[in-house]
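J.: Sharing a model prediction with you, sequence too.
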2 protein chains.
Amino acid sequence: MTALDRDAATPLWRQLQTDLEARLKSGEFAERFPGELALGEHYGVSRHTVRQALRQLRADGLVLAERGRQPRIAPASEIHQPMGALYSLFARVEATGLGQHSLVRALDVRADAVVADRLGLEGSTPLFHLERVRHAGDQPLALDRVWMPAEIAAPLLNADFTHTSLYAELAERAGVRLEHGSEEIHAVLPAAAERTLLHCSPTTAGFSIHRIGYSGGAPVEWRHTLVRGDRFALTADFSAQAGYRLRPAQTRTAAS
Amino acid sequence: MTALDRDAATPLWRQLQTDLEARLKSGEFAERFPGELALGEHYGVSRHTVRQALRQLRADGLVLAERGRQPRIAPASEIHQPMGALYSLFARVEATGLGQHSLVRALDVRADAVVADRLGLEGSTPLFHLERVRHAGDQPLALDRVWMPAEIAAPLLNADFTHTSLYAELAERAGVRLEHGSEEIHAVLPAAAERTLLHCSPTTAGFSIHRIGYSGGAPVEWRHTLVRGDRFALTADFSAQAGYRLRPAQTRTAAS
DNA sequence: CTCCTCATAATGTCCGGACATTCAAGGTAC
DNA sequence: GTACCTTGAATGTCCGGACATTATGAGGAG
């Protein structure tokens, strides 16, 4: 623990906040998170200051607090949905009731200088590579290609990707979860080879999505997905308050 | 002003907060927003309670507060950027330095049962209609069609839309600002007529964006935009904290 | 063993005060 | 008229205390 510096320019409560965040990440509070009074006594500050420091942590859901209850830290095992346009697309398909499965076309380790460069790695770095054609019901839906540093993704080489999600396997076998990333979405006309794989006509357009994903500040995946555009769409809500949010599934309910 | 009820189940600070929000919306604080001490004395509560009530309002940007400065309410005239995929697309184009202008193909009032239905209006409701081809530099960029209830948008009929933004005109002439909405983005192959307007080849795909926008709970616009897909892309960042956010312009700077 | 009661601990709410820091405006010296 | 200084007002930070409300577990009555 770092002692608080009462003469520093940064306020006490912020010092406390960053210190608590660090201790949280280190797993120090895995068993029990101390209460406000205990923290105040430990750091030598008033309860008011402790509450100010905890405010952000509680708002972010890192720490759970309720009246009368023992304070707890958020369950780390909670499955964070891999966000983004792809997730939104496939969740919508799932919501329609169609079963999804994948046809694995490649699953190996190879070197690719172009992709390695995009991941910020040396050109000769071995990369885990997975190429799948995703189906919804009987129809092919998307052509999905992923590259990840082999160092991280090696445990996935003997996984079965016909039904399971890459991110679920990644979290389980490698202990890595995507934290943030960025993607670029283009509207394209699939090439002949791609049309064959996706069983679509020459007049069908598609979404081409490039994504780079990070975990813990380091690039973890580079992905290129080509989605048939004739049956699938991105939908989103936006507002001044909530910003822009992709809608994962239809919210309209037939009930009542 | 509503007096606070100290025996109510809802906390004092929340009562204060909702009351202040109501007074804000009524325009009561247009000239001057009272300080914390003044509010405390006025409502008969401590400064601590006032600060708790103001916390949300300040976080939302409704009220601006800085040390030493007179508290102010957020400038109502501030132009809220019309969010969404379209704004993101066009802002990116603008960031490249290309000048934008539009070719107005239609600007009138007509009835359209299909569109009216999507807006939740009677089929015979007169609708303001604007159809433009947007250019970036010399090249056509998008075909943009907008329908709005004539009751709201009538003041826009004699506006010049070759250079100005629809939303800017709407805010200025009709006093209406888009508050929220939803959109659906498809990847399509433009039809022959559209290809002619957009000067693109038969192998060029495009984004087809349908949007419905609301202001004050009532539908205000229905819009269909077809964007050339060969030169433009949607880019977005996502993270567990901030969610999914379209990136309006390139953040990479060549400086330093 | 079961059910109820009660003590305990934790957060939520609210009050009071004090000092530091910063911005804006007005007044003064030149 | 301009530059500087002083003063006022406002928020930021931090402390102390008090009581209310709620969940949990221990202990006793039946």
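T.: Alright, I've got the coordinates.

J.: Strands of chain A, start to end?
T.: With DSSP state E as the criterion, chain A has strands at A:63-64, A:72-73, A:100-111, A:126-136, A:139-149, A:180-188, A:206-215, A:218-228, A:234-239, A:243-246.

J.: of all those strands, which lies closest to B:R132?
T.: B:R132 lies closest to strand A:180-188 among those, at 19.9 Å (CB to CB). All C-beta atoms are positioned from the backbone trio N, CA, C, and that covers glycine.

J.: got the angle between the closest one and strand B:218-228?
T.: Angle of strand A:180-188 versus strand B:218-228, following axes from the mean of the first three to the mean of the last three CA atoms, to 10 degrees, is 70 degrees.

J.: Point out where chain A drops to low pLDDT.
T.: Under the criterion pLDDT under 70, the flagged ranges of chain A are A:1-3, A:75-83, A:94-97, A:240-242, A:248-256.

J.: Strictly from the record, what residue spans define the domains of it?
T.: Following the assignment in automatic domain parsing, chain A carries domains at A:12-73, A:85-246.

J.: Mean neighbour count added to the strands of chain A, as TSV?
T.: What follows is the strands of chain A, written out as TSV (neighbours: other CB atoms under 10 Å in any protein chain shown):
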stretch	mean neighbour count
strand A:63-64	17
strand A:72-73	16
strand A:100-111	14
strand A:126-136	21
strand A:139-149	21
strand A:180-188	21
strand A:206-215	22
strand A:218-228	22
strand A:234-239	20
strand A:243-246	18
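
J.: quick one, phi/psi of A:L157?
T.: The phi/psi pair for A:L157 (degrees, to the nearest 10) reads phi -60, psi -30.

J.: That one is in contact with A:V104, isn't it?
T.: No. Look at A:L157 against A:V104 with CB atoms under 8 Å: they stay out of range, at 11.7 Å.

J.: Any part of stretch A:115-135 near chain B?
T.: No. Applying CB under 8 Å from any CB of the partner chain, one finds stretch A:115-135 separated from chain B by no less than 14.0 Å.

J.: List the contacts of that stretch.
T.: A:90, A:100-113, A:140-154, A:156-157, A:161, A:166, A:197-198, A:212, A:219, A:222 (CB atoms under 8 Å, 6 or more residues apart in numbering or on different chains).

J.: Could you list the alpha-carbon positions for stretch A:15-35 in PDB?
T.: Extracted C-alpha coordinates of stretch A:15-35, given in PDB (Å, rounded to 0.1, in the frame of the first residue of the first chain):
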ATOM      1  CA  GLN A  15      -4.900   9.100  -4.400                       C
ATOM      2  CA  LEU A  16      -7.000   6.800  -2.400                       C
ATOM      3  CA  GLN A  17      -9.000   5.800  -5.500                       C
ATOM      4  CA  THR A  18      -6.000   5.000  -7.600                       C
ATOM      5  CA  ASP A  19      -4.400   3.000  -4.800                       C
ATOM      6  CA  LEU A  20      -7.600   1.000  -4.300                       C
ATOM      7  CA  GLU A  21      -7.800   0.300  -8.000                       C
ATOM      8  CA  ALA A  22      -4.300  -1.000  -8.000                       C
ATOM      9  CA  ARG A  23      -5.000  -3.200  -4.900                       C
ATOM     10  CA  LEU A  24      -8.100  -4.400  -6.600                       C
ATOM     11  CA  LYS A  25      -6.300  -5.400  -9.700                       C
ATOM     12  CA  SER A  26      -3.600  -7.200  -7.700                       C
ATOM     13  CA  GLY A  27      -6.300  -9.400  -6.300                       C
ATOM     14  CA  GLU A  28      -5.700  -8.300  -2.800                       C
ATOM     15  CA  PHE A  29      -9.400  -8.000  -2.000                       C
ATOM     16  CA  ALA A  30     -10.400 -11.300  -3.500                       C
ATOM     17  CA  GLU A  31     -11.800 -12.600  -0.200                       C
ATOM     18  CA  ARG A  32     -13.200  -9.500   1.500                       C
ATOM     19  CA  PHE A  33     -13.400  -5.800   0.600                       C
ATOM     20  CA  PRO A  34     -13.000  -3.600   3.700                       C
ATOM     21  CA  GLY A  35     -15.800  -1.300   4.700                       C
END
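
J.: That stretch close to DNA strand C?
T.: Yes. On the criterion CB under 7 Å from any atom of the strand, stretch A:15-35 is in touch with DNA strand C at A:G35.

J.: could the domains of chain A be laid out in a markdown table, adding distance to DNA strand D?
T.: Formatted as a markdown table, these follow (distance: least, CB to the nearest atom of the strand, whole Å):
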| stretch | distance to DNA strand D |
| --- | --- |
| domain A:12-73 | 2 |
| domain A:85-246 | 21 |
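
J.: Columns distance to B:G229 on top of these, output as CSV?
T.: Converted to CSV, those look like this (distance: least, CB to CB, whole Å):
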stretch, distance to B:G229
domain A:12-73, 38
domain A:85-246, 3
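
J.: what's the closest of those domains to B:L37?
T.: Proximity to B:L37, assessed across the domains of chain A by CB to CB, is greatest for domain A:12-73 (18.3 Å).

J.: quick one: the closest one near chain B?
T.: Yes. Domain A:12-73 lies within reach of chain B by CB under 8 Å from any CB, at A:D60.

J.: so how far is that domain from its chain's centroid?
T.: 26 Å (CA atoms, centre = their mean, to the nearest Å).

J.: now do the same end-to-end measure for it.
T.: Across its full length, domain A:12-73 reaches 22 Å between end residues, using CA to CA, to the nearest Å.

J.: So in terms of bridging, what pairs with A:I212?
T.: Taking DSSP bridges, one finds A:S182, A:W222 as the beta-bridge partners of A:I212.

J.: returning to that earlier point: of the strands of chain A, which is nearest DNA strand C?
T.: When the strands of chain A are compared by CB to the nearest atom of the strand, strand A:63-64 sits nearest DNA strand C, at 8.4 Å.

J.: Okay, now the sheet partners of that closest one, with direction.
T.: Strand A:63-64 has these strand partners (DSSP bridges): strand A:72-73 (antiparallel).

J.: Contact residues of the stretch 1-150 of chain A facing DNA strand C?
T.: A:35-38, A:48, A:51, A:58, A:65-71.

J.: Weed out the non-buried ones from the residues you listed.
T.: Using 16 or more other CB atoms under 10 Å in any protein chain shown as the burial test, those include A:E36, A:P71 as buried.

J.: and which of the residues of the stretch 1-150 of chain A next to DNA strand C is nearest B:A236?
T.: Using CB to CB, these come closest to B:A236 at A:R58, 28.3 Å.

J.: Setting aside sequence neighbours, what's the nearest residue to the closest one?
T.: A:A65 (5.6 Å; CB to CB, 6 or more residues apart in numbering or on different chains).

J.: check contacts around that neighbour.
T.: With contact taken as CB under 8 Å, 6+ apart, A:A65 is in contact with A:L54, A:R58, A:P71.

J.: export the strands of chain A to CSV and tack on distance to A:R173?
T.: Converted to CSV, those look like this (distance: least, CB to CB, whole Å):
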stretch, distance to A:R173
strand A:63-64, 28
strand A:72-73, 24
strand A:100-111, 14
strand A:126-136, 11
strand A:139-149, 12
strand A:180-188, 20
strand A:206-215, 14
strand A:218-228, 14
strand A:234-239, 30
strand A:243-246, 27
